[in-house]
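> Please work out how this folds:
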Amino acid sequence: MPEVDMPEVDKKAVDKYWEQVTPTILGPYMMDGYGFPASAGKFRFGIEEQVVEKLIQNLDRNGAALDLGCGMGFWAEKFARSFARVDALEGSSSLYTDLEKRCSQQSNMRAFLGDALSFQPDQRYQLIFLGGLLMYLDENDVVLLLKRLKQYLEPGGIILCRESTVRDQTFILKGEYTAVYRSVKSYASLFQKCDLTLQHKEKNEAYILLQMGCEAIDKWKTLVPKPFQALSWAGHLTYWGLRLGNPWIQKVPRVFKTSFPRLENHFFVLV
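Numbers count the residues shown, from 1 in each chain. Okay, here's the model as predicted:
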């Protein structure tokens, strides 16, 4: 990944990728192609769910929630069980089909197909959730979006972001899959430009655990010829090794002072 100072995102590449993505619980988590069982996605979501519930525990559940870039609607469905009303926006038509199915089962959910940058809400929210959206936006678009979203917060409401991060300088990944990976410090600076206060930040331990697996499998792919990779076997073995070794296995890179995994993930609570 090339190092850059001011990342510029190829929006067409981003849109093309997400239009072709397979709607599975692993796909939106970027865990397809590693041989992991479907339970890996459910495990990660379940752990993240506990963290999010802690972070939103003081919000007024009689209010509304907005899930921007909601994918298949797993989070929107969760919020529909907690808040009076939920709006869910997705830009990928392939993922939107599954989102509509979920919405049809929840009378308090509304599904929208469109771009987060041009979406115009018709109400205010206690919770605005961005579950991995900012990493596909240029810095200017991040600032414009967050400044606009701030206007739709109810008193006492929060913007909750969950973003993949790096430890040091910003990197941009180009190609079929395009994304911007910023440091926690970079995000804090962006939030400040939006006149938002970073009230709380928290590492996404479930993401980091499974990212260790993804990066280990990536290494396996570079070392073993494709006909012999046996990804289903390698992925299952890696996943269950991580599960059984959790949480102490995450301490190993810290003991040896290595930057592994390369990518992390954080929750950011903004007010």
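> show me where pLDDT drops low in the stretch 1-150 of the chain?
Along the stretch 1-150 of the chain, segments meeting pLDDT under 70 span 1-7, 28.
> could you pull out the helices for it?
For the stretch 1-150 of the chain, the helices defined by DSSP state H, counting those that start in this stretch cover 11-20, 39-55, 74-80, 93-103, 139-150.
> quick one: contacts of the shortest one?
This points to helix 74-80. 25, 28, 45, 49, 52, 65, 67, 70, 86, 88, 99, 102-103, 106, 108-109, 127, 129, 131 (C-beta atoms under 8 Å, 6 or more residues apart in numbering). For the C-beta atoms, the positions are set from N, CA and C on the backbone; glycine is no exception.
> Return the alpha-carbon coordinates of it using PDB.
Taking C-alpha atoms only, helix 74-80 is exported to PDB below (Å, rounded to 0.1, in the frame of the first residue of the first chain):
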ATOM      1  CA  PHE A  74     -27.800  -6.400  10.400                       C
ATOM      2  CA  TRP A  75     -27.200  -3.300  12.500                       C
ATOM      3  CA  ALA A  76     -30.400  -1.600  11.400                       C
ATOM      4  CA  GLU A  77     -32.300  -4.700  12.400                       C
ATOM      5  CA  LYS A  78     -30.700  -4.600  15.800                       C
ATOM      6  CA  PHE A  79     -31.500  -0.900  16.200                       C
ATOM      7  CA  ALA A  80     -35.100  -1.600  15.200                       C
END
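> Contacts only, for the residue nearest to Gly156 when sequence neighbours are not counted.
Spatial nearest neighbour of Gly156, chain neighbours left out: Asp60 (6.5 Å); criterion: C-beta to C-beta, 6 or more residues apart in numbering. Residues in contact with Asp60 (C-beta under 8 Å, 6+ apart) are Gln126, Glu154, Gly156.
> Out of the residues you listed, list just those in strands.
Counting by DSSP state E, the part of the contacts of Asp60 found in strands is Gln126, Glu154, Gly156.
> Who are the contact partners of the nearest residue to the first one once chain neighbours are set aside?
Leaving aside its sequence neighbours, Gln126 sits nearest to Gly63 (C-beta to C-beta, 6+ apart; 3.4 Å). Taking C-beta under 8 Å, 6+ apart as the definition of contact, the neighbours of Gly63 are Phe83, Ala84, Arg85, Arg124, Tyr125, Gln126, Leu127, Glu154, Gly157.
> Looking at the residues you listed, which one is closest to Met135?
Nearest to Met135 among those: Leu127, at 20.0 Å, using C-beta to C-beta.
> thought the closest one was touching Gly156?
No - shown here, Leu127 and Gly156 do not form a contact pair, counting by C-beta atoms under 8 Å, at 10.4 Å.
> which neighbours do those two share?
Listed as contacting both Leu127 and Gly156 by C-beta under 8 Å, 6+ apart are Leu59.
> Among the two, which residue is more densely surrounded?
Leu127 (25 against 11; other C-beta atoms under 10 Å).
> Contact partners for the more buried one?
Contacts of Leu127 (C-beta under 8 Å, 6+ apart): Ile56, Leu59, Gly63, Ala64, Ala65, Leu66, Phe79, Phe83, Gly157, Ile158, Leu160.
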